[in-house]
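1. Everything below, folded, please.
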Amino acid sequence: MLYAEDDYDLYLAPRVAEYSPSKGGTSRHLMVNGTPDRMAIKIKCSNNEIFRVSPVYTCLDPGCSQRLQVIRDPGEPKVDKLIVLYKKTTCKNAHEAFFQLDDDTEVKKAMIALVALKHKERNNSKDHSENFEKCKENKKKNNSNKTQKISEKLKKNSKINS
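-> Residues are numbered from 1 along each chain as shown. Alright, predicted model coming up:
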């Protein structure tokens, strides 16, 4: 499931990022703390060789937001994911919040799908130019038919008025 409809603690959008496998790319996501408590966030990725994420750790005060930037390097077409771990905290920094041994606070998860798939193979340029020419011909035919109909109506009207 890409959307946690019942979880309003962490608003995360968009939940899907699309990239070109051959070029890579960048996506930006918005994280908003919807709780009355301070929140620690940790980002985990299924493929750290291709993706870079900033920030990896952050804290959000109640009602505050933070941008998440995800950069994908060129690589094989593949679907990966980011897991956003978040929990209530009183710690000064998020790294500390996730590595406290005596902390029993529930850690919740949200996911962002990272999609880099090949587009369907397109027709070669010759086919495109042929299709373009056919469209132009059809448009000319339609326009000439319209012009012919208009001129016929004008002739009829001029005969009636004479």
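2. which residues make contact with the top strand by length along the chain from outside it?
-> Ranked by residue count under DSSP state E, the longest strand found in the chain is strand 78-88. Strand 78-88 is contacted from outside by 9-10, 12, 21, 31, 35, 37-47, 50-51, 53, 68, 70, 97-98, 105-117, using CB atoms under 8 Å, 6 or more residues apart in numbering. Quick note: C-beta positions are derived from backbone N, CA and C, even for glycine.
3. Would you mind checking those for buried ones?
-> 9-10, 12, 21, 31, 38-43, 45, 47, 50-51, 53, 68, 70, 97-98, 110-112, 114, 116 (16 or more other CB atoms under 10 Å).
4. Domain-wise, how is this protein divided?
-> Domain ranges of the chain: 10-116, 122-162, per automatic domain parsing.
5. now, of the ones you listed, which is deepest in the fold?
-> Highest mean neighbour count of those: domain 10-116, a mean of 16 (counted as mean count of other CB atoms under 10 Å).
6. Spatially nearest residue to residue 65 (excluding sequence neighbours)?
-> Nearest residue to residue 65, sequence neighbours excluded (CB to CB, 6 or more residues apart in numbering): residue 32, at 4.4 Å.
7. Other residues contacting the helix or strand encompassing residue 96?
-> Secondary-structure assignment from DSSP states H and E places residue 96 in helix 94-98. With contact meaning CB under 8 Å, 6+ apart, helix 94-98 is reached by 40, 41, 42, 57, 58, 59, 85, 87, 89, 91, 103, 107.
8. Please identify which pair of those residues lies farthest apart.
-> 58 and 103 (17.4 Å; CB to CB).
9. tell me the contacts of residue 41?
-> 10, 31, 57, 58, 59, 60, 66, 84, 85, 86, 94.
10. Sketch out the low-pLDDT regions of the chain for me.
-> Counting by pLDDT under 70, the chain contains low-confidence ranges at 1-7, 119-162.
11. ok, back up a step: in strands only, show me the buried ones among the contacts of strand 78-88.
-> 10, 12, 31, 39-43, 45, 51, 53, 68, 70, 110-112, 114, 116.
12. that older thread, partner strands of the longest strand of the chain, parallel or antiparallel?
-> According to DSSP bridges, strand 78-88 forms sheet pairs with strand 39-45 (antiparallel), strand 108-116 (antiparallel).
13. Appreciated, that's everything.
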